[in-house]
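Asker: Model the following, please.
(2 chains)
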2 protein chains.
Amino acid sequence: MTNRTYREVHLAARPKGPVTDDLFTIVEVPLPEPGPGQVLVRTTHMGVAAVMRTLMDETSAVPMPSYEIGAPLHGAAVGEVVAAPGSDLRPGDLVEHRLGWREYALLDAAQVQRLDPDLLPDPAAYLSQGPTALMGVARGAEVRPGDTVFVTGAAGGVGSLAGQIARQFGAARVIGSTGSQQKADRLVEEFGYDAAVIRGAGPIGEQLRRAAPEGIDAVFDNVGGEQLQAALALANRGARVAIVGALASQLSDGGPALTPVDTLSLLAHSVTLRGVALYDHLDLVPEWNRRFAEGLRDGSLTFPHSRLHGIEQAPRALRELTEGRHLGAVIVEL
Amino acid sequence: MTNRTYREVHLAARPKGPVTDDLFTIVEVPLPEPGPGQVLVRTTHMGVAAVMRTLMDETSAVPMPSYEIGAPLHGAAVGEVVAAPGSDLRPGDLVEHRLGWREYALLDAAQVQRLDPDLLPDPAAYLSQGPTALMGVARGAEVRPGDTVFVTGAAGGVGSLAGQIARQFGAARVIGSTGSQQKADRLVEEFGYDAAVIRGAGPIGEQLRRAAPEGIDAVFDNVGGEQLQAALALANRGARVAIVGALASQLSDGGPALTPVDTLSLLAHSVTLRGVALYDHLDLVPEWNRRFAEGLRDGSLTFPHSRLHGIEQAPRALRELTEGRHLGAVIVEL
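Answerer: Predicted coordinates:
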């Protein structure tokens, strides 16, 4: 196969403002031959996530390597084994890898994770952000039966599952924030939210007070900034706040969006803010996949996502994600 | 005893700025007679604490009743039983009550807590803020062997014990913040701190970076504001931050001192901020008293405090506490 080529998406330049398609280039490269102990994977699905915008910056608060100019964007992807000489992987096996936006990936066999094609029949479902959502609900916000829960960024890949999971954990009332009336309607009609507050439709604090007249017990925060501040102002005694994302910082052009926190109020109400990141909770990945399979089968969970087709759509997918144009996860299928 | 009188300290006016002595009046009132099931206590020691400044405001974030104008200031006090008809308390018994700044207190017998005069031979030691310090170290900041710990407000009644307790919990390095070189010297020479940073002596962030070149694992925060912000900027992965006080808010004249928090950094470093208040951890009061007695006996703990004499000194004691003039707890002995 040495004369054949495949395509990768490379970072062409670092963003100085909003994400634009010209920050990326599609590059044709020779298809490599796997040596002993290596595996060649044909990528079938690539994940698109807000953290990818963060990693386009030269330095970030996230303890992961930033993307390099002229190199492909790493990230979660699913594919099929093409060849894996000297390993127990077989051609056709479904696997996950972290090499991201490329039609083929060459890895050490230990770097790929074999997936069960029967557990989640749609391979794209292995790219859901459910593990992060489960982590935030179970270990960050510690959602308990009867809680009023507020999820910021509720229409995103994480938030659109977090509300459903909070419901499974017994939440009495689940409120989400999002950026448009249209998304707010879908949160309530399709994704198990009881109410939604809308960024840009009047003060979030007032909207939230109307949506949560008895205060908030658990917060699943993907956003930070004024939405988190509004949630803290309504925190009930003993409230738990999971910091799972920081979209107000990650998608802004001017450095971190700081949240002004009144620590006397945290103290007075015994409130806990807990930053949680999936690399500390990787045991939840298989647990989520089992839970997701069961929930999809019995109808208690849905997989909100947008699916774009062709590797050349990946830059657009990330740009549209940062623009808030999608509801749920964003997947590029090859 | 119906013709006799005693003195109470009343709130005369609410502060509009710094605490001044004319916000209080000393009032002479008739000494009551205890009825069946009641206990009359002669107060021997009264506590003085920053929360009393907070409760002088008409409303506060603290879920305790604010002081009323023309009424005595409630708070922790120790005394001896004078009479307790129909209860198992005996004249001369050492007890604690919460009625605060008055020479005598009439309470239902169930409202007083009998103290062991042999456990802590100095009754003033029962007014230490050790339970709060222990709570913050053990349950808020979860100090572990080897930790670098930063205590803000380290020279106060809570902080002067928190450093010593952190050392008992195995902290490898304990750094405190305070308001003067003189107090900083005493923190290091007398109270088990390895280093001190000084408010007003240059940027706290730079001082702290020099004092904690390997970052901070646990924070015991009494202050909030820029000191907390500096600590968060140096937080190591998995750091725990106990919010135990908010002196920057409580002692300021202009409402809460908000701390700008970069939630992306909390997430990236898996940092937890936990507001902890003693009313959720009252089981630590007897545990602390036992630990304190043992530590005072074997010399592993000291009781830093200032002692003023006479109820008429109480207003001055609180004013001087808000001015940062004392090191350790402030006790008024009658």
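Asker: what lines up beside the top strand by length along chain A in the sheet?
Answerer: Determined from DSSP state E, the single longest strand within chain A is strand A:38-48. When pairing is defined by DSSP bridges, strand A:38-48 lines up against strand A:77-83 (antiparallel), strand A:104-108 (antiparallel), strand A:329-333 (antiparallel).
Asker: Each with direction, which strands does the next helix or strand after the second one pair with?
Answerer: Right, the one you point to is strand A:104-108. Following strand A:104-108 in sequence order, the next helix or strand is strand A:113-114 (DSSP states H and E). According to DSSP bridges, strand A:113-114 forms sheet pairs with strand A:94-97 (antiparallel).
Asker: Identify all contacting residues around the strand it pairs with.
Answerer: Here strand A:94-97 makes contact (Cβ atoms under 8 Å, 6 or more residues apart in numbering or on different chains) with A:39, A:41, A:43, A:76-81, A:89, A:105, A:107, A:111-117, A:123, A:126. Where you see a C-beta, it was placed from the backbone N, CA and C, and this is true even at glycine.
Asker: Swap in 10 Å and give it another go.
Answerer: The contact list for strand A:94-97 (Cβ atoms under 10 Å, 6 or more residues apart in numbering or on different chains) reads A:39, A:41, A:43-45, A:47, A:74-81, A:84, A:89, A:105-107, A:109, A:111-120, A:123, A:126-127, A:285.
Asker: ChimeraX command to pick out the buried ones of those residues?
Answerer: Here is the ChimeraX selection string for the buried members of the contacts of strand A:94-97, based on 16 or more other Cβ atoms under 10 Å in any protein chain shown:
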select /A:39,41,43,44,45,47,74,75,76,77,78,79,81,84,89,105,106,107,109,111,112,115,119,120,123,126,127,285
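Asker: what about the helices in the stretch 151-300 of chain A?
Answerer: A:159-168, A:181-190, A:204-211, A:226-233, A:247-250, A:263-268, A:284-298 (DSSP state H, counting those that start in this stretch).
Asker: rank those by mean pLDDT and give me the bottom one.
Answerer: Note on the helices of the stretch 151-300 of chain A: helix A:247-250 shows the lowest mean pLDDT, a mean of 82.
Asker: now check that one, is it near chain B?
Answerer: Yes - residues of helix A:247-250 contacting chain B under Cβ under 10 Å from any Cβ of the partner chain: A:247, A:248, A:249, A:250.
Asker: from memory the last one sits against residue A:51, does it?
Answerer: What it means is residue A:250. Yes - contact criterion Cβ atoms under 10 Å: residue A:250 and residue A:51 qualify, at 7.2 Å.
Asker: These two - which one has more neighbours?
Answerer: Set residue A:250 next to residue A:51 and count neighbours by other Cβ atoms under 10 Å in any protein chain shown: residue A:250 wins out with 26 against 15.
Asker: quick one: the more buried one from residue B:246, how far?
Answerer: Per Cβ to Cβ, to the nearest Å, residue A:250 is found 29 Å from residue B:246.
Asker: Show residues contacting the lowest-mean-pLDDT helix or strand in chain A.
Answerer: Sorted by mean pLDDT, DSSP states H and E, the helices and strands of chain A end with helix A:247-250, the least confident at a mean of 82. Contact partners of helix A:247-250, identified using Cβ under 10 Å, 6+ apart, comprise A:49-55, A:57, A:60-62, A:152-153, A:156, A:158-159, A:199, A:221-228, A:255-259, A:322, A:324, B:262-265, B:267.
Asker: Need the buried ones from the residues you listed selected in PyMOL.
Answerer: In PyMOL, this line selects whichever of those come out buried by 16+ other Cβ under 10 Å:
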select buried, (chain A and resi 49+50+52+53+54+55+60+61+62+152+153+156+158+159+199+221+222+223+224+225+226+227+228+256+257+258+259+322+324) or (chain B and resi 262+263+264+265+267)
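Asker: which residues touch the residue lying closest to residue A:93 once chain neighbours are set aside?
Answerer: Computed as Cβ to Cβ, 6 or more residues apart in numbering or on different chains, the closest residue to residue A:93 that is not its neighbour in sequence is residue A:81, at 4.3 Å. Neighbouring residues of residue A:81 by Cβ under 10 Å, 6+ apart: A:34, A:39-42, A:87, A:89-95, A:109, A:112, A:114.
Asker: count of neighbours near residue A:169?
Answerer: The tally of other residues near residue A:169 (other Cβ under 10 Å) stands at 18.
Asker: Give me the spatial nearest neighbour of it, chain neighbours excluded.
Answerer: The spatially closest residue to residue A:169, leaving aside those adjacent along the chain, is residue A:143, at 4.3 Å (Cβ to Cβ, 6+ apart).
Asker: just checking, the one you found is part of a helix?
Answerer: No - counting by DSSP: H, G, I helix; E, B strand; the rest coil, residue A:143 is not found in a helix; it is coil.
Asker: which residues sit in contact with it?
Answerer: For residue A:143, the contacting residues are A:136-137, A:149, A:162, A:165-171, A:174, A:217-220, A:240, A:242, by Cβ under 10 Å, 6+ apart.
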